[in-house]
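Peer 1: Requesting a structural model of the entry that follows:
(3 chains)
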Amino acid sequence: MIASDVRLVDHHCHGLLFGALPAAEFRLLATESDWLSIDGIETLDSPFGLGIRSRCAPLLDLPRHASIADYLARRDELGAPEVNRRLMAATGTDVLILDTGFTASDVVSPSSMTGELGIGSAEIVRLERIAEEVAPSTTASGFLADFREALQRASAGAVGFKSVMAYRTGFDIPDSPFTAAEVEAAAAEWLAGSDPEAGYRLDHRVLLAHVVWEAVALAKPIQFHVGFGDSDVHLHLSDPTRLTGFFRATRASGASMMLLHCYPFIREAGSLAHIFPHVYLDVGLVSHYMGPSAGSAVRESLEIAPFHKVLYSSDAYGLAEHYLVSATSWRSAISRIAEEWLVDDWLTAGEADRIVEAVAAGNARRVYGLGNHGLNDRVLEVRGLDGRR
Amino acid sequence: MIASDVRLVDHHCHGLLFGALPAAEFRLLATESDWLSIDGIETLDSPFGLGIRSRCAPLLDLPRHASIADYLARRDELGAPEVNRRLMAATGTDVLILDTGFTASDVVSPSSMTGELGIGSAEIVRLERIAEEVAPSTTASGFLADFREALQRASAGAVGFKSVMAYRTGFDIPDSPFTAAEVEAAAAEWLAGSDPEAGYRLDHRVLLAHVVWEAVALAKPIQFHVGFGDSDVHLHLSDPTRLTGFFRATRASGASMMLLHCYPFIREAGSLAHIFPHVYLDVGLVSHYMGPSAGSAVRESLEIAPFHKVLYSSDAYGLAEHYLVSATSWRSAISRIAEEWLVDDWLTAGEADRIVEAVAAGNARRVYGLGNHGLNDRVLEVRGLDGRR
Amino acid sequence: MIASDVRLVDHHCHGLLFGALPAAEFRLLATESDWLSIDGIETLDSPFGLGIRSRCAPLLDLPRHASIADYLARRDELGAPEVNRRLMAATGTDVLILDTGFTASDVVSPSSMTGELGIGSAEIVRLERIAEEVAPSTTASGFLADFREALQRASAGAVGFKSVMAYRTGFDIPDSPFTAAEVEAAAAEWLAGSDPEAGYRLDHRVLLAHVVWEAVALAKPIQFHVGFGDSDVHLHLSDPTRLTGFFRATRASGASMMLLHCYPFIREAGSLAHIFPHVYLDVGLVSHYMGPSAGSAVRESLEIAPFHKVLYSSDAYGLAEHYLVSATSWRSAISRIAEEWLVDDWLTAGEADRIVEAVAAGNARRVYGLGNHGLNDRVLEVRGLDGRR
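Peer 2: Below is the predicted model of the structure:
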């Protein structure tokens, strides 16, 4: 089955950490929770924990199913750079499309990822970060133009954008852009309500939607965090069908809408991808956090969306274990699905291979303009793609 | 297993097209989207596309898995009437309960369906259409009586009604009927806001609920579009549990409530069917659009609802391919489920057959009063049912 | 596989009926509906009906798959006490944590359950009941103190609390407790709007949330009814992610939050249990009502939550058949899941056993402080646990 060695384009992921990692920090990176389990309970007594012990341990020369404690000890012994190289090589990834939203964090940049790992990379710009960077040196009346200029500058070096609106207010974007006066009024409120010493955090309802509309004008893919994620998400407000009117309004804009993760709204996301020619989905993030159950998410993502609308991502962050468990879970899940469809004679083996390849890489290459070998004449920032297999 | 040849009553479907069909129009009919895929991408690179190529192609003398292009060429060659006859015969359907809501379209009438195909038919009247037909010749003060009279007239020739409120405002029906004054005020607003030249479209929140309450008084089944469908549905507003109060208020009305399609609210619909003796569900529409995954929907529809509350429908529209892929997918899905339950000794083979038959046809015959042979002394409009097996 | 004989702690259930039960009453207890099916239709033509006929009938010396009528006749012949003993013994339960919310009903008390069945029991106090008991003898200004005192008194004899807010207003709890003035104003409204003759029913939005906040202060587990249940639940208002802010506010309170049943919000509940260290879930109630499909719910409950956050319950009420079908369905479901994970080498057989035991009993023992043998120095009300295996 092609899925065991098809090359991946991971269309939404984050940089790795290359420094030493205390056990508690590893555990916190290995859950979406902001807190360890209560005293005496192993935080990684979880589906993802099974993934680390069964999928990653052997790549670190440990017996399969080694304990978390043994795994962490061996990880320290090898050092993060070696662990990262081993696990990332085993993912079979050709291109990493990296969200560089957390600038203050220790995860490395796209160029460092390519330099350290020999894997091509491209960049996604987080919309809220641009606004937050502009804030200290702009005014209410200057915000619209200053943000626009900053976004264009950032856009030149990126293959797309990301919105984390789901974490701030839930999905709420009007069907048409705001007027300049509305943006100015909102910027005045936001700037007046922010403390420059504490740093700016874009949480203004109008501006969160405004920055998305600004990105639409640039006609590159826009990624939306959807559903399960950090502790600040209110799931019921992050149902992507709340964006139906916005999707209708932007259908012919040239901007593709990428629904990320989507748990537990996978069917909602698939329905939108069925209806709107510019809407896509993936089931990253849960691809590793669901561990042995990841196939349930992959399966739902293939229920109703056309096959050219489903993508692969890991949403890995900091840990190569995210990347490895995602990739192996996805490979075995889609292989199993394809085999079932073959047994029931829904398609030929050649078609199954074609669909698997499209989800693994082809759809992302097309939407992000990456070209067949990862080279991209539009986006020079795709790095280090020559000379690989 | 009985499911491979049990006869079907398709309790919600639409007329077929019998004329020549350009390729682009076929593709648009073969998706719920209003738009083709972006340039260079096959719109039918989709689960339903696999269904057409694997399930329909052999019935048109093509190799299984023929390309969409080859399929369309062969379809043209045979002509729609012959294609319709071949595919419809293979569905194993005894009665088509046809929603005649789209009067302006080219799909044929119930009597033409029976005449062309030799399959019995009955009619469902779309509530909004009756209101829209009454509008040009009524007044605000006359609307209540004029609509009521028109509905009674239409009702005489129909086995039930349909509401597409989910597409207009989402589900929003108060627990008791409106007063005459409220209806008059709403009709005044609607009529004043409509352009007779452009045609009337019932989108007034009060009137959409009023026409449902009028149908309740006639004590026939009322079908509700639920969930996934055309591009104008806002999924999160079409959760059928928003009708809980209305269902409580109508429990003893004599009107059955038929929840159609229900994706992704199948579990919600099943929960309502469990609680309210007059609420039923099906998983039509996705039965073909999910292609190889249709079994997931069928499986969920059987989780929590009593077996006498689940029905079969295709929601086919225009294309016999909808009918054929729905029927074959449903047959293989329910067969597999029944086999699993048998293996785990949850029931006897006889009980499995009984349940399959009830979902396939028996429940619909009972609810719509169709009788054992499709003859229906209450509903004379069930046509052409004599002499068939 | 350990799951076939692992001992259970049923962390949310209700007393049994030990008196004679007319057929219609049995049927009404065997559905969440408040009404029998329409004339001529067997109410238990349902997934749970299959469970009774296939799982319970043989334990009453009937052939497997006996009809409901034969089952009820044999049940009468044996008498409820003997039926209860046979079926409960077959569940393999060590401790019943009983919700004693319905004081007016005929189901027996925790001490009677232990006395009749030889199974240990502990008590859950329903918050709304305490308020309703306090109401006749309090005043608006006295309510806060009187309720607090009554709750403390009840709490001494209980291992936790239960809220049925989902049935009354849906989930709606502010992120901080109300002020004394707010509680007094709400109590004044509630008491003035209630008819002492008819009895008090706590349906005031502020008070429903207030009683939960009062329970938080006592630092014992609080159970929340979530999702599918009686006919008065509005499912879309009982999505547990509406409690996200409340969970954030109570994370370090010492009170655990137990999400019960959760259908169809199992993935939402699992997401919350992943994020918040003090949130737990189960899939009781549907464990019997889904009959052959119960495995779907069990499977989803294990997708994203850590394994130390998932519990077993039946939510059985009145009928030992609830207990028996829940237990056997859960055992076969979790066995199948564990076997699949073993085949795919996600864990060792020892780990599978450990996880199954934790969900079956260990997690509940830890959260409710039951101790290894059901003895609990904190909660003296755990009864009758000595001398059992």
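Peer 1: contacts, neighbours, all on C-alpha from now
Peer 2: Fine.
Peer 1: Now do the contacts for A:Ile275.
Peer 2: B:Thr31, B:Glu32, B:Ser33, B:Asp34, B:Trp35, B:Asp230, B:Ser231 (C-alpha atoms under 8 Å, 6 or more residues apart in numbering or on different chains).
Peer 1: Let's see that with 6 Å instead.
Peer 2: By C-alpha atoms under 6 Å, 6 or more residues apart in numbering or on different chains, A:Ile275 lies in contact with B:Ser33, B:Ser231.
Peer 1: Surely A:Val9 and A:Ala361 touch.
Peer 2: Yes: between A:Val9 and A:Ala361 there is a contact under C-alpha atoms under 6 Å: 4.6 Å.
Peer 1: Between the two, tell me which one has more neighbours.
Peer 2: Shown here are A:Val9 and A:Ala361; by other C-alpha atoms under 10 Å in any protein chain shown, A:Val9 has more neighbours (29 against 25).
Peer 1: helices and strands around the helix or strand where that one lies, which ones?
Peer 2: Using DSSP states H and E, A:Val9 maps to strand A:8-13. Applying 3 or more C-alpha pairs under 6 Å, 6 or more residues apart in numbering or on different chains; DSSP states H and E, one finds that strand A:8-13 contacts strand A:93-99.
Peer 1: by contact count, what packs against the strand it packs on?
Peer 2: By 3+ C-alpha pairs under 6 Å, 6+ apart, strand A:93-99 packs against strand A:8-13, strand A:120-126.
Peer 1: what lines up beside the shortest one in the sheet?
Peer 2: Within its sheet, and counting by DSSP bridges, strand A:8-13 is paired with strand A:93-99 (parallel).
Peer 1: Quick check: what element follows the partner strand along the chain?
Peer 2: Remark: after strand A:93-99, the chain's next helix or strand is helix A:110-117, criterion DSSP H and E.
Peer 1: Contacts for that next one next, please.
Peer 2: By C-alpha under 6 Å, 6+ apart, the surrounding residues in contact with helix A:110-117 are A:Gly120, A:Ser121.
Peer 1: Run the angle between that helix and strand A:120-126 for me.
Peer 2: 150 degrees (axes from the mean of the first three to the mean of the last three C-alpha atoms, to 10 degrees).
Peer 1: For A:Leu36, give its distance to A:Ile52.
Peer 2: 17 Å (C-alpha to C-alpha, to the nearest Å).
Peer 1: Helices of the stretch 151-300 of chain A, start to end?
Peer 2: Using DSSP state H, counting those that start in this stretch, the helices of the stretch 151-300 of chain A run over A:165-168, A:180-193, A:205-216, A:244-249, A:266-275, A:286-289, A:294-301.
Peer 1: distance between the second one and the chain's centre?
Peer 2: Read that as helix A:180-193. 30 Å (C-alpha atoms, centre = their mean, to the nearest Å).
Peer 1: Can you tell me what sits against it?
Peer 2: A:Ala140, A:Ser141.
Peer 1: tell me which residues of that helix are tucked away?
Peer 2: Using 16 or more other C-alpha atoms under 10 Å in any protein chain shown as the test for burial, helix A:180-193 gives A:Val183, A:Glu184, A:Ala186, A:Ala187, A:Ala188, A:Trp190, A:Leu191.
Peer 1: and if you look at stretch A:194-204?
Peer 2: Those would be A:Ser194, A:Tyr200, A:Arg201, A:Leu202, A:His204, for stretch A:194-204 by 16+ other C-alpha under 10 Å.
Peer 1: end-to-end on that stretch?
Peer 2: Per C-alpha to C-alpha, stretch A:194-204 runs 11 Å from first to last residue.
Peer 1: Quick one: name the residues of chain A near chain B.
Peer 2: Residues of chain A lying close to chain B by C-alpha under 6 Å from any C-alpha of the partner chain are A:Thr241, A:Ile275, A:Pro277, A:Glu303, A:Ile304, A:Pro306, A:Phe307, A:Trp346.
Peer 1: Just the buried ones from those, in PyMOL syntax?
Peer 2: PyMOL command restricting these to the buried ones, with burial defined by 16+ other C-alpha under 10 Å:
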select buried, chain A and resi 241+275+277+303+304+306+307+346
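Peer 1: Can you tell me which of the helices of the stretch 151-300 of chain A is most buried?
Peer 2: helix A:286-289 (a mean of 30; mean count of other C-alpha atoms under 10 Å in any protein chain shown).
Peer 1: what comes into contact with that one?
Peer 2: For helix A:286-289, contacts defined as C-alpha under 6 Å, 6+ apart pick out A:Phe48, A:Ala294, A:His322, A:Val325, A:Ser326.
Peer 1: picking that back up, only alpha carbons, please: show the strand holding A:Val9 as CSV.
Peer 2: Below are the C-alpha coordinates for strand A:8-13, written out as CSV (Å, rounded to 0.1, in the frame of the first residue of the first chain):
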residue,chain,number,x,y,z
LEU,A,8,4.2,13.9,3.1
VAL,A,9,3.6,17.6,2.9
ASP,A,10,2.7,18.6,6.4
HIS,A,11,0.7,21.7,5.7
HIS,A,12,0.4,22.9,9.3
CYS,A,13,3.0,22.4,11.9
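Peer 1: Just the buried positions in the next helix or strand after it, please.
Peer 2: Per DSSP H and E, strand A:8-13 leads on to helix A:23-29 as the next helix or strand towards the C-terminus. For helix A:23-29, a neighbour-count test (16+ other C-alpha under 10 Å) marks A:Arg27, A:Leu28, A:Leu29 as buried.
Peer 1: Export those to CSV and append columns for pLDDT and distance to A:Asp94.
Peer 2: What follows is these, written out as CSV (pLDDT from 0 to 100; distance: C-alpha to C-alpha, whole Å):
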residue, pLDDT, distance to A:Asp94
A:Arg27, 98, 28
A:Leu28, 97, 28
A:Leu29, 97, 24
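Peer 1: out of these, who's nearest chain C?
Peer 2: A:Leu28 (11.0 Å; C-alpha to the nearest C-alpha).
Peer 1: ok, the closest one - contacts?
Peer 2: A:Leu28 makes no contacts at all, as judged by C-alpha under 6 Å, 6+ apart.
Peer 1: Relative to chain B, how far out is it?
Peer 2: Here A:Leu28 is placed at a distance of 33 Å from chain B (C-alpha to the nearest C-alpha, to the nearest Å).
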